[in-house]
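Student: curious how this folds, go ahead:
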Amino acid sequence: MGQYAIISEQSIWALLPLVVYLVLVFMGKKMLSATLAAIAVGCILTGQTPGSISNLFASSTGTFLSIIGFIIMLGSGLGEIMAKSGISNTIVRWIITKIGVNSEKKGILAVILTSTVICALLGTLAGGNAVIAPIIIPVVASVGLTPSTVGAIFQSAGETGLIWGPFTGPVVALLSVTGLSYGKMMLWAAIPFGLIWLVVIYFAALRIQKKTKGIEEYDLSEFGEHDTEISLEHKRITAIFMISFIVLVGYGIIKGLGTNYAIFVMLSLAIIIAIVSKMGIGKGFDVFCEGMAKMVSMYLLFVFLNVMLELIDLGGGFEALGEHLMVLVDKGGRSLVPIIGSFVGAFGISGTAVAEIHITHELFAPAVAAYNIPMEIWAIALIAASRITTSIYPTANMVGQMGIARSNNLKWMLFGGWAVSMTALLYIVIWSFVGLRFFF
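Tutor: Below is the predicted model:
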């Protein structure tokens, strides 16, 4: 705390920067500007000087949040080189070919699988679906799928991919705060949550398709001509990439390697792709850096978020709120901890998924520790807290998926989002009571 601080060392008022951040984000302001405004409020409350806040910014570049930002940048770079080398296109066409899209139901399955797989590999919702859209939309449009149907699937399937991919930002953040291995996190949290979303969005998509068929249709002229054949060269490059990916991920799981291993994996895969595609190391890394450049603002956001959270910690904001939450939990029992965490994160916190995971965890960490909540159960609450927000509100993520799918019907986007979200929350309520007895 600085000499001119206007709050004590543990005050609920220290959460005011977080309130400012959330209000501005919900108002549609850019997250970087919202975070800077929150930092300004935090500096005033805690009495920071230009020197002390400069030191806080400097130290934040070496924190876990900034590492996640760097990993996301690397993921964007890997996605760029995968797209330029034909890997992304080949994977999508493999899936389409294996499914054999000749009906609406198979078209829905094709969109679900391709969106989940590509978003998991690339670690980005908008980027992943943007890559597959020009390839898969003409295919599924030929069997009658409407833009509203495709848009709703893009949202839920892409979000599922982000909680399954081993090196996506949300997964890296989740493994960090829970201390779980990737295998345990998938088994107890990500797979159950993701399967719920995929099954529910399949049936929701069938309803959306029924209601919009004959009312909406695609104008395929904007997609141009796309080859349906995959060259032998692209098959070879993709096969080598997939084998390398599986080997590197498998090695990391067996050895129990942590977050930093993702950096090695991303760089290794980029080098492998550059070599086997005959792009060359130099050209390959030029492409890689072009992709990374698209996520510079994301990296800065995570540095700024860390500064904001540090200022809140200085004022003891999370500890003060934790005491109030403990009173609420005491009245309802330990099963309420993951339930309340899920609902507060889903409905009350907005921002990037990584930020939502960290903020929700900080808010409830005292209650989680006091009631000895197993991380396997707490992990699924954090997934809900970070994924549901963008599916129940018309956020930039949701509108972005509408744009990629060429849909202009917000009603059906919200229908799909609420269907998967409410089913997942119901599961968490039940699991919070059953699971706690199962683990103890």
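
Student: the longest helix in the protein is where?
Tutor: Looking across the chain with DSSP state H, the single longest helix is helix 410-439.

Student: that helix packs against which elements?
Tutor: If you count contacts as 3 or more Cβ pairs under 8 Å, 6 or more residues apart in numbering; DSSP states H and E, helix 410-439 packs onto helix 147-164, helix 191-212, helix 336-348, helix 375-387, helix 389-392, helix 396-405. For the C-beta atoms, the positions are set from N, CA and C on the backbone; glycine is no exception.

Student: I'd say residue 93 and residue 235 touch.
Tutor: No. Counting by Cβ atoms under 8 Å, residue 93 stays clear of residue 235, with 9.8 Å between them.

Student: okay, and the common contacts of these two?
Tutor: Counting by Cβ atoms under 8 Å, 6 or more residues apart in numbering, residue 93 and residue 235 have no contacts in common.

Student: tell me which helix or strand the nearest residue to residue 127 once chain neighbours are set aside sits in.
Tutor: Nearest-residue entry for residue 127: residue 79, 5.5 Å, with adjacent residues in sequence omitted and distances by Cβ to Cβ, 6 or more residues apart in numbering. Here residue 79 sits within helix 64-84, counting by DSSP states H and E.

Student: tell me the mean pLDDT for that helix?
Tutor: For helix 64-84, the mean per-residue pLDDT is 85.

Student: and that helix, which residues are buried?
Tutor: Neighbour-count burial for helix 64-84, with 16 or more other Cβ atoms under 10 Å as criterion, is recorded at 64-84.

Student: try stretch 360-367
Tutor: Buried residues in stretch 360-367, counted by 16+ other Cβ under 10 Å: 360, 361, 362, 363, 364, 366, 367.

Student: out of these, who's nearest residue 124?
Tutor: Nearest to residue 124 among the buried residues of stretch 360-367, counting by Cβ to Cβ, is residue 360 at 21.4 Å.

Student: can you pull the buried residues of stretch 191-209?
Tutor: 192-194, 196-198, 200-202, 204-205, 208-209.

Student: ok, so of those residues, who is nearest residue 49?
Tutor: Nearest member of the buried residues of stretch 191-209 to residue 49, counting by Cβ to Cβ, is residue 193, at 44.4 Å.

Student: can you tell me which residues contact the nearest residue to the closest one once chain neighbours are set aside?
Tutor: Nearest residue to residue 193, sequence neighbours excluded (Cβ to Cβ, 6+ apart): residue 383, at 5.1 Å. Counting by Cβ under 8 Å, 6+ apart, residue 383 touches 163, 170, 174, 189, 190, 193.

Student: can I get those residues in JSON lines with distance to residue 47?
Tutor: Formatted as JSON lines, these follow (distance: Cβ to Cβ, whole Å):
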{"residue": "163", "distance to residue 47": "40"}
{"residue": "170", "distance to residue 47": "34"}
{"residue": "174", "distance to residue 47": "34"}
{"residue": "189", "distance to residue 47": "40"}
{"residue": "190", "distance to residue 47": "42"}
{"residue": "193", "distance to residue 47": "42"}
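
Student: which member of those is positioned nearest residue 273?
Tutor: Out of these, the member with the shortest distance to residue 273 (by Cβ to Cβ) is residue 170, at 24.0 Å.

Student: distance check, the residue nearest to that closest one when sequence neighbours are not counted against residue 171.
Tutor: Excluding its sequence neighbours, the residue lying closest to residue 170 (Cβ to Cβ, 6+ apart) is residue 353, at 4.3 Å. Residue 353 sits 10 Å away from residue 171, taking Cβ to Cβ, to the nearest Å as the criterion.

Student: greatest separation within the buried residues of stretch 360-367: which pair is it?
Tutor: Pairwise distances across the buried residues of stretch 360-367 peak at 12.9 Å for 360 and 366 (criterion: Cβ to Cβ).

Student: that older thread, which residues touch the helix or strand following the helix holding residue 79?
Tutor: Following helix 64-84 in sequence order, the next helix or strand is helix 87-99 (DSSP H and E). Identification of contacts with helix 87-99 by Cβ under 8 Å, 6+ apart yields 79, 82-83, 106, 109-110, 113-114, 117-118, 121-122, 131-132, 135-136, 139, 228, 230, 234-235, 237-238, 241-242, 273.
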